[in-house]
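**Q** I'll drop the sequence and a predicted model, then ask my questions.
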Amino acid sequence: MLEVKDVGYWYTHQDDSLFEHVNLSFEAGQSYAIVGQSGAGKTTFLSLLAGLDKPKAGQILYDDRNISEIGLTNYRKNDVSIVFQSYNLFTYMSAIDNLLTAMAITGSKHTGDKKYAIDMLHKLGLAHVQMQKNVQKLSGGQQQRVAIARTMACDANLVVADEPTGNLDEDNTIEVVDLFQKIAHEQGKCVIIVTHEAAVAQMCDHTYKLEKHVFSESV
Ligand SMILES: Nc1ncnc2c1ncn2[C@@H]1O[C@H](COP(=O)(O)OP(=O)(O)OP(=O)(O)O)[C@@H](O)[C@H]1O
């Protein structure tokens, strides 16, 4: 689904490149952890996969098309769903309205289908009364579940997440990674998670480690 071909990136003020000549594949229906030391460049790499920034060298192909040709705005709108450590929900809305709004913005085939939004939140363990509350009144684990439900309710086939369990306790972490696994295995999406937690990486199907500017697959 996603092919990274000979990709390199560096920030202009830095002497060294963060990474160069990166060649990696990401398949539909599979989950991937990106690990590596703090400052190695994991978030930067994820931002390239998500079309938030452009590689300085090489190309990224989505379904065999260079994402620059698709257009990064179109690519982000139609093909990518992003989950952040800080949830990034609309804080003045309920969970249901968060889903309905995201579905409308991305032109999901379920746009306007409130029952679908409720079903999705229900599946992720939110009670009806919780779905109707302003999301700021929910716990961190519940808010991250809303963010994941939003991803599931949108049609994008690529899900990227930057430290999605960074604010969660151990039990919530396991539940949230389990949900990502379901998104990959049951919805057939490709899930890519940047994490510094070994337990999270262990639950994913594949792990790519960024070390000394080079990616390698750990088993
Ligand atoms: N916008 C930016 N401009 C310049 N340098 C940046 C920018 N963003 C990140 N960097 C630098 O690039 C390097 C890689 O940052 P990045 O956030 O990608 O690493 P990371 O592996 O995700 O780190 P962490 O695990 O601590 O989040 C760091 O040295 C960082 O200071």
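**A** Great, that's in hand.

**Q** Low-confidence bits of this structure, can you list those?
**A** Applying pLDDT under 70 to the chain flags no residue at all.

**Q** Spell out the residue ranges of the helices in it.
**A** Ranges of helices in the chain, per DSSP state H, are 42-49, 67-70, 72-78, 95-105, 114-123, 128-132, 140-153, 170-185, 198-203.

**Q** Go ahead and measure how far the fifth one is from the middle of the chain.
**A** Computed by CA atoms, centre = their mean, to the nearest Å, the chain-centroid distance of helix 114-123 equals 20 Å.

**Q** what does it rub up against?
**A** 95-96, 99-100, 103, 110, 128, 131, 145-146, 149, 152-153 (CB atoms under 8 Å, 6 or more residues apart in numbering). Placement of C-beta: from N, CA and C, glycine included.

**Q** The ligand contacts on the chain?
**A** Applying CB under 6 Å from any ligand atom, we find that the chain lies next to the ligand at Y11, L18, G36, S38, G39, A40, G41, K42, T43, T44, H196.

**Q** Just the ones in strands from these, please.
**A** Under the assignment DSSP state E, the residues of the chain next to the ligand contribute G36 to strands.

**Q** If you rank the residues of the chain next to the ligand by neighbours, which is first?
**A** Neighbour tally across the residues of the chain next to the ligand (other CB atoms under 10 Å): the maximum, 24 neighbours, falls on K42.

**Q** Tell me who's in contact with the residue lying closest to E20 once chain neighbours are set aside.
**A** Closest residue to E20 apart from its sequence neighbours, by CB to CB, 6 or more residues apart in numbering: G8 at 4.0 Å. Listed by CB under 8 Å, 6+ apart, the contact set of G8 reads S17, F19, E20, H21, V22, P55, K56, A57, G58.

**Q** what about 6 Å?
**A** Contact partners of G8, counting by CB atoms under 6 Å, 6 or more residues apart in numbering, are S17, E20, K56, A57, G58.

**Q** related to what we said a few turns ago, among the helices of the chain, which is the most enclosed?
**A** Most buried of these, by mean neighbour count (mean count of other CB atoms under 10 Å): helix 140-153, with a mean of 23.

**Q** and that helix, how far out from the chain's middle?
**A** The chain centroid and the centroid of helix 140-153 are separated by 11 Å, computed with CA atoms, centre = their mean.

**Q** cool, and stretch 1-13?
**A** On the basis of CA atoms, centre = their mean, stretch 1-13 is displaced by 18 Å from the centre of the chain it belongs to.

**Q** Pull out the buried residues from it.
**A** Of the residues in stretch 1-13, those buried by neighbour count under the rule 16 or more other CB atoms under 10 Å are M1, L2, E3, V4, K5, V7, Y9, W10.

**Q** Output those residues in CSV, with distance to L210 appended to each entry.
**A** Shown next, in CSV, are those (distance: CB to CB, whole Å):
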residue, distance to L210
M1, 20
L2, 16
E3, 18
V4, 12
K5, 17
V7, 12
Y9, 11
W10, 14
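
**Q** re the thing from before, and of the residues of the chain next to the ligand, the nearest to V83?
**A** Nearest to V83, judged by CB to CB, of these is T43 at 13.1 Å.

**Q** If we ignore the residues flanking it in sequence, what's nearest the closest one?
**A** Using CB to CB, 6+ apart and skipping residues adjacent in sequence, the residue nearest T43 is D162, 5.7 Å away.
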